[in-house]
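K.L.:
From the sequence below, what's the structure:
(4 chains)
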2 protein chains.
Amino acid sequence: MANEHSGTSGEQRESKARRRDAAATRAAILASAIAAFARHGYDGIGVREIAQDAGVTAMLVNRYFGSKEQLFAEAVDTSFAPRTVIPEDPPALARELARRLVARTAPGAETLDPFLLMLRSAANPRAAEIITQGIERHAGRALANLLDGDAAAQRAMLANALIAGVWLFRTVLGVDALARADPAELTVRIERMLAAVLNVPGEEA
Amino acid sequence: MANEHSGTSGEQRESKARRRDAAATRAAILASAIAAFARHGYDGIGVREIAQDAGVTAMLVNRYFGSKEQLFAEAVDTSFAPRTVIPEDPPALARELARRLVARTAPGAETLDPFLLMLRSAANPRAAEIITQGIERHAGRALANLLDGDAAAQRAMLANALIAGVWLFRTVLGVDALARADPAELTVRIERMLAAVLNVPGEEA
DNA sequence: AGTTTATGTCTACGTTCGTAGACTTAGTGG
DNA sequence: CCACTAAGTCTACGAACGTAGACATAAACT
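P.N.:
Got it, this is the predicted structure:
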């Protein structure tokens, strides 16, 4: 029961026992941080747990990232970087966004989304600043560039606001009326709300 | 500079120096807790600060409410209890909800809303459970009762989801595209989104 | 092989947290 | 006037937090 001196027993969940490789270790810490911040939020997780999930000790985290706050900043920046492409024409856009949202927020889906990281870390003022920068730099701009008409940034953010609210109620809180709703029905309603702000006025289908 | 033995110096922000009155003290603690949880979230505030703002010591909080968690539960229940009446017919409902939301989330408004308490405390799992109960018991039901058509609870929660998202982006995070938007323009867009889910289908104005 | 350097760990510090138990003070009835 | 009880405070503990500095070890170069 004493502390095993060798790392052969399953302490870290990341991989087997990484040989000394700075880049790989850094990446493992960052991946562990992204997952942990999404699951527990900035204030809900400690550097010791993040380090353990990456198979290292807490001090190495600070040696690679400077501080917990800087680690969070890099986690946000990485997590919010767009990965998936989205259709360009607004009607298909609203439909696709609604479809993906409902699928990813399904109960028991265990998805780790930037929106989760945002929702669970926004209470901390310093974390909120970092998140705001990430949102404006990545998610907001990517969506706004696809929109026609004026006030594209504002309309894109309103769409993101609805998406964030659905994430909050369905996944973070688990409110029954949304979490246990019929997926198809829910998708249609969200699509209508998104279309009301994404589509250019004058062509409501 | 020593600790003053009498309470005449302005330590507590609540009132002057309340004489021994159990009910008033309890109410002061609860009011302080509601404000503190809305401003900093469940994990962002300590019972010592809550107590100090109410003009008492930390131990009295636990003597009146049992624990921080039970204090939070009572704060949620009190904060979410509906106070303002809302119009009954759906078109006016969407308009009024949008108007109030934009007004209350205006930059520098310093409003303390249950939605703020929810957003800043949702990261903590125990707090999330308590909030979910509060939402379903108060905010969800009040709105759903006003809606015609089927799936009233689901549609009411989608409206709440959008409202929560706007609170998040405008007030908690301070995203420019929404926080610095023209209020009238923003109100119209939110009203359209709300109408898309609140109004019964078939009569889009 | 031997030395150097990057890579990772150990111990420990100062705070802050929620809260438990003993103590003190103010108001009230005899 | 005195005792009794409700109202409130003081001290303290055990745990968890971020992180700083000294130390250990594995890989690489000559």
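
K.L.:
switch to C-alpha atoms for all contacts and neighbour counts from now on
P.N.:
OK.

K.L.:
what sits against the residue minimising distance to the centre of chain A?
P.N.:
The centre of chain A sits closest to A:Pro114, judged by C-alpha atoms, centre = their mean, with a distance of 1.0 Å. Residues counted as contacts of A:Pro114 (C-alpha atoms under 8 Å, 6 or more residues apart in numbering or on different chains) are A:38, A:76, A:79-80.

K.L.:
out of those, what pair is the most spread apart?
P.N.:
A:Ala38 and A:Phe80 (11.6 Å; C-alpha to C-alpha).

K.L.:
These two: which is more packed in?
P.N.:
Taking neighbours as other C-alpha atoms under 10 Å in any protein chain shown, A:Ala38 and A:Phe80 compare with A:Ala38 leading, 27 against 21.

K.L.:
And the strand or helix carrying the more buried one, what does it pack against?
P.N.:
A:Ala38 belongs to helix A:22-40 when assigned by DSSP states H and E. Helices and strands touching helix A:22-40, as assessed by 3 or more C-alpha pairs under 8 Å, 6 or more residues apart in numbering or on different chains; DSSP states H and E, comprise helix A:47-54, helix A:68-80, helix A:114-121.

K.L.:
Pop out the phi and psi values for the closest residue in space to A:Pro107 that isn't next to it in sequence.
P.N.:
The shortest distance from A:Pro107 to any non-neighbouring residue, by C-alpha to C-alpha, 6 or more residues apart in numbering or on different chains, is to A:Ala179 (6.5 Å). Here is the backbone geometry of A:Ala179 (degrees, to the nearest 10): phi -70, psi -30.

K.L.:
got the contact list for A:Ala179?
P.N.:
By C-alpha under 8 Å, 6+ apart, A:Ala179 lies in contact with A:106-107, A:169-171.

K.L.:
So which of the residues you listed belong to helices?
P.N.:
Using DSSP state H, no member of the contacts of A:Ala179 sits in helices.

K.L.:
Buried among those? Make that a PyMOL selection.
P.N.:
Buried members of those, defined by 16 or more other C-alpha atoms under 10 Å in any protein chain shown, are picked up in PyMOL with:
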select buried, chain A and resi 106+169+170+171
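
K.L.:
how would you label A:Gly44: helix, strand or coil?
P.N.:
For A:Gly44, the assignment made with DSSP: H, G, I helix; E, B strand; the rest coil gives coil.

K.L.:
Backbone dihedrals for it, please?
P.N.:
phi -90, psi 0.

K.L.:
Let me know whether it touches B:Ala123 as I believe.
P.N.:
Yes: between A:Gly44 and B:Ala123 there is a contact at 7.3 Å, judged by C-alpha atoms under 8 Å.

K.L.:
Looking at these two, which has the bigger crowd around it?
P.N.:
Neighbours were counted for A:Gly44 and for B:Ala123 using other C-alpha under 10 Å; B:Ala123 has more, 31 against 16.

K.L.:
contacting residues for that one?
P.N.:
A:40-41, A:44, A:119-121, A:172.

K.L.:
C-terminal to the lowest-mean-pLDDT helix or strand in chain A, what's the next element?
P.N.:
Least confident element among the helices and strands of chain A, by mean pLDDT, DSSP states H and E: helix A:141-144 (a mean of 86). Per DSSP H and E, helix A:141-144 leads on to helix A:152-167 as the next helix or strand towards the C-terminus.

K.L.:
what number of residues lie near the closest residue to A:Ala33 other than its chain neighbours?
P.N.:
Counting by C-alpha to C-alpha, 6+ apart, A:Ala33 lies nearest to A:Ile50, which is 5.7 Å off, once chain neighbours are set aside. Residues near A:Ile50, counting by other C-alpha under 10 Å, number 25.

K.L.:
A:Ile50 touches A:Ala36, doesn't it?
P.N.:
Yes: the criterion here is C-alpha under 8 Å, and A:Ile50 meets it with A:Ala36 at 6.6 Å.

K.L.:
coming back round to it: okay, the helices and strands packed on helix A:22-40, which one's buried deepest?
P.N.:
Comparing the helices and strands packed on helix A:22-40 by mean neighbour count (mean count of other C-alpha atoms under 10 Å in any protein chain shown), helix A:114-121 ranks first with a mean of 25.

K.L.:
Return the distance of whatever helix or strand comes next after it from the chain's centre.
P.N.:
As assigned by DSSP H and E, the chain's next helix or strand after helix A:114-121 is helix A:125-134. Centre-to-centre, helix A:125-134 and its host chain are 13 Å apart (C-alpha atoms, centre = their mean, to the nearest Å).

K.L.:
Do any residues in helix A:125-134 lie close to chain B?
P.N.:
Yes: judged by C-alpha under 8 Å from any C-alpha of the partner chain, helix A:125-134 and chain B are in contact via A:128-129, A:131-132.

K.L.:
Pick out the most distant pair among the contacts of B:Ala123.
P.N.:
Farthest pair in those, by C-alpha to C-alpha: A:Gly44 and A:Val172, 13.6 Å.
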